[in-house]
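This is a predicted model, with the sequence first.
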Amino acid sequence: MVKICCIGAGYVGGPSMAVMALKCPAIEVTVVDVSRPRIDAWNSDRLPVLEPGLDTIVRACRGRNLSFSADVDRHVADADIVFVSVNTPTKARGLGTGRAPDLAYWESAARVVAAASRPGTGKIVVEKSAVPVRTAEAMERILHAHAGDGAFQVLSNPEFFSEGTAVRDLLCPDRVVIGGGDTDVGAVRALVDVYAHWVPEDRIVTTGLQSAELAKLAASALLAQRVSSVNALSALCEATGADVSDVARAVGSDGRVGGGGRGFLDAGVGFGGPSLRRDVLSLAYDCERHGLHEAAEYWRQVVAVNEYQKGRFVRRVVASMLGTVAGKKVAVLGLAFKKGVGDTRESPAVDVCRALLAEGARVSVYDPVVSETQIIRRDTAAAAAEVEVTRDAYEAADGAHGLCVLTEWDEFRTLDYRRVFDGMMRPAFVFDGRNVVDAGELREIGFVVYSVGKPLDAWLNGMPAVA
Ligand code: NAD
């Protein structure tokens, strides 16, 4: 029986190993973590990661061929294949602050593998964390310094799943990427054999080590770049009377652009989530480290346009509401960075809320999933008196001058906007940061409507774009 151990029982390690255990009953999979509370949660009925379908898989495999343990050294020592899936946040201090990934957790994991390995025994070590290109080489150096050449083979196998659909993406991935060096052919084959239990071989892409590492950052960067590209176009649409949805439809139907789908061409208030910004900045930093300043600047602009778009949205809100929101109630519908998740990390909605609060607005927030404690304590860093958290959209909008839609939850498409209007002050504004409302219908009700990248309402047309 092959034994697999994964270091890091987080958002990636837990679900990816649970699916591996489900699909490979003859493989013993152990997920280890230095955090005892995390391991306890994985062994309980309340898993630390909420993803549709994950509970059922963990329940089916836990105690069979899947286990979670805080005994890191023992399980790493026993394993034939060790995945490293630790966190790589953006550095908060020192060189590269706010740009470079912090590799401290990753290096500590490499040292655990080196220390836990017995002389003469080999292991395949698989990098799953999002890391700068050539990090696997650095890992090889640490391992070989301990055990001599040949004892370890280091592969790269980045994870591409999306939050909210992690289990579906893991069960049926678009592709699995496995990178290895010239001398790693046997190790690559061994890992391909593991995935081949459930992934068709034509979807398992084998590459060189550096290419696989770069593929992860490149995937994030290209997705983010698409969003920033369409958002940059949305600004020009507003200035010229073009409709960004029509432009995106016209452009996205070109197979070279849309790739058969419309993919990631929806304009909005900006991208968010834990990975995109961090991965783009990490890619830019990597370019910079190699003296590729123009390339670095190009990727940084993707993040800069995202910031611009959030700022532009807030300026529209303030300018439309006669240049001030001080003392006015503004309802915010949606705080999660996208529909289907309760995650508010890097959510544009959080930045919009903070900016409105800084302008002196009274903000009332409704999100169908995000909890009140999270909204007030962590996200807006505001006192309960400044931010009201409501049980539904109608309560949030009651007595408000303006309403901002900031997450594309389906329920915001089908609200009874007549009822919303009746509860609001006049003029009643809707600022649609996700283009989910039917602007024509809302205008008939009496709202002044702003939709990102769409022809401007007569009210806004006469207003400056900047407060
Ligand atoms: P996470 O913070 O949820 O989990 C990482 C875990 O690693 C933590 O529980 C931490 O305690 C543990 N850890 C750190 N150092 C350790 C050590 N030396 N020994 C044992 N445990 C250790 O992180 P995550 O979201 O699972 O992300 C892991 C990697 O995968 C990151 O590089 C991330 O960029 C990448 N990634 C994340 C996603 C996502 O949606 N979250 C998607 C694709 C890739």
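Looks like it arrived, so ask away.

ok now do Ala212, which residues does it touch?
Residues near Ala212 by C-beta atoms under 8 Å, 6 or more residues apart in numbering: Leu155, Ser156, Asn157, Pro158, Val177, Ile178, Gly179, Gly180. The way it works is simple: take the backbone N, C-alpha and C, and place the C-beta from them, glycine included.

Doesn't the first one belong to a helix?
No - the assignment for Leu155 by DSSP: H, G, I helix; E, B strand; the rest coil gives strand, which leaves it out of any helix.

Count the residues that sit near Glu441.
Per other C-beta atoms under 10 Å, the neighbour tally for Glu441 reads 12.

Show the pLDDT at Ala115.
Note for Ala115: predicted pLDDT of 89.

gap between it and the ligand?
Using C-beta to the nearest ligand atom, to the nearest Å, Ala115 is found at 11 Å from the ligand.

secondary structure class for the residue of the stretch 301-450 of the chain found nearest the ligand?
Closest residue of the stretch 301-450 of the chain to the ligand, C-beta to the nearest ligand atom: Asp343 (8.7 Å). Following three-state DSSP, we place Asp343 in the coil state.

again with Val19
Secondary structure state of Val19, per three-state DSSP, is helix.

number of nearby residues for the closest residue to it other than its chain neighbours?
Nearest residue to Val19, sequence neighbours excluded (C-beta to C-beta, 6 or more residues apart in numbering): Leu170, at 4.2 Å. Residues within reach of Leu170, counting by other C-beta under 10 Å, total 27.

backbone phi and psi for Leu170, please?
phi -70, psi -40 (degrees, to the nearest 10).

give me every residue that touches it.
Residues near Leu170 by C-beta under 8 Å, 6+ apart: Pro15, Ser16, Val19, Phe161.

So which residues of the stretch 151-300 of the chain form strands?
Using DSSP state E, counting those that start in this stretch, the strands of the stretch 151-300 of the chain run over 152-156, 176-179, 204-207.

Can you add mean pLDDT and give those strands back as CSV?
Shown next, in CSV, are the strands of the stretch 151-300 of the chain (pLDDT from 0 to 100):
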stretch, mean pLDDT
strand 152-156, 94
strand 176-179, 98
strand 204-207, 98
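
among those, which is the most enclosed?
Highest mean neighbour count of those: strand 152-156, a mean of 26 (counted as mean count of other C-beta atoms under 10 Å).

Tell me the helices and strands packed up against it.
Contact here means 3 or more C-beta pairs under 8 Å, 6 or more residues apart in numbering; DSSP states H and E; on that basis strand 152-156 packs against strand 123-127, helix 135-147, strand 176-179, helix 185-195, helix 209-240.

quick one on the thing from earlier: got the contacts of Ala212 as JSON lines, with distance to Val131 columns?
Listed next are the contacts of Ala212 as JSON lines, based on distance: C-beta to C-beta, whole Å:
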{"residue": "Leu155", "distance to Val131": "13"}
{"residue": "Ser156", "distance to Val131": "8"}
{"residue": "Asn157", "distance to Val131": "12"}
{"residue": "Pro158", "distance to Val131": "9"}
{"residue": "Val177", "distance to Val131": "14"}
{"residue": "Ile178", "distance to Val131": "15"}
{"residue": "Gly179", "distance to Val131": "12"}
{"residue": "Gly180", "distance to Val131": "15"}
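
TSV please, covering those and showing distance to the ligand.
Listed next are the contacts of Ala212 as TSV, based on distance: C-beta to the nearest ligand atom, whole Å:
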residue	distance to the ligand
Leu155	15
Ser156	12
Asn157	11
Pro158	7
Val177	12
Ile178	15
Gly179	15
Gly180	19
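
Could you single out the nearest of those residues to Ser228?
Comparing those against Ser228 with C-beta to C-beta picks out Pro158 as the nearest, at 22.1 Å.

Does the closest one touch Thr135 like I think?
No - shown here, Pro158 and Thr135 do not form a contact pair, counting by C-beta atoms under 8 Å, at 11.0 Å.

Between the two, which contacts overlap?
Residues touching both Pro158 and Thr135 (C-beta under 8 Å, 6+ apart): Glu127, Glu213.

Please pull out the lowest mean pLDDT helix or strand from this protein.
Lowest mean confidence among the helices and strands of the chain (mean pLDDT, DSSP states H and E): helix 372-373, at a mean of 76.

Restrict the contacts of Leu170 to those that also contact the ligand, please.
Counting by C-beta under 6 Å from any ligand atom, Phe161 from these sit close to the ligand.

tell me which of the contacts of Leu170 is nearest to the ligand?
Nearest member of the contacts of Leu170 to the ligand, counting by C-beta to the nearest ligand atom, is Phe161, at 5.9 Å.

what's the pLDDT at the closest residue in space to that closest one that isn't next to it in sequence?
Nearest non-adjacent residue to Phe161, counting by C-beta to C-beta, 6+ apart: Asp169, 3.8 Å away. Predicted confidence (pLDDT) for Asp169: 98.

And Asp169, how far from the ligand?
Asp169 sits 10 Å away from the ligand, taking C-beta to the nearest ligand atom as the criterion.

The residue of the chain found nearest the ligand - how many residues pack around it?
Per C-beta to the nearest ligand atom, Gly10 is where the chain lies closest to the ligand, at 1.9 Å. A total of 18 residues lie near Gly10 under the criterion other C-beta under 10 Å.

got a list of what the residue nearest to the spatial centre of the chain touches?
For the chain, the residue nearest the mean C-alpha position is Gly273 (3.4 Å; C-alpha atoms, centre = their mean). Neighbour list for Gly273: Glu163, Phe337, Lys338, Asp343, Arg345, Glu346, Ser347 [criterion: C-beta under 8 Å, 6+ apart].

hmm, back to that, farthest-separated two in the contacts of Ala212?
Those two in the contacts of Ala212 that are separated most widely, counting by C-beta to C-beta, are Pro158 and Gly180, at 13.0 Å.

Excluding chain neighbours, give the residue nearest to Phe271 in space.
Nearest to Phe271 is Val227, by C-beta to C-beta, 6+ apart, at 4.5 Å.

dump the residue contacts of that neighbour.
Phe264, Gly268, Gly270, Phe271, Asn306.

Most neighbours out of the residues you listed, which is it?
Among those, the one with the most neighbours (other C-beta under 10 Å) is Gly270, at 31 neighbours.

OK, contacts around the closest residue to it other than its chain neighbours?
Closest residue to Gly270 apart from its sequence neighbours, by C-beta to C-beta, 6+ apart: Pro348 at 4.0 Å. Contact analysis of Pro348 by C-beta under 8 Å, 6+ apart lists Gly268, Val269, Gly270, Phe271, Gly272, Asn306, Gln309, Lys310, Phe313, Phe337, Leu406, Gly433.
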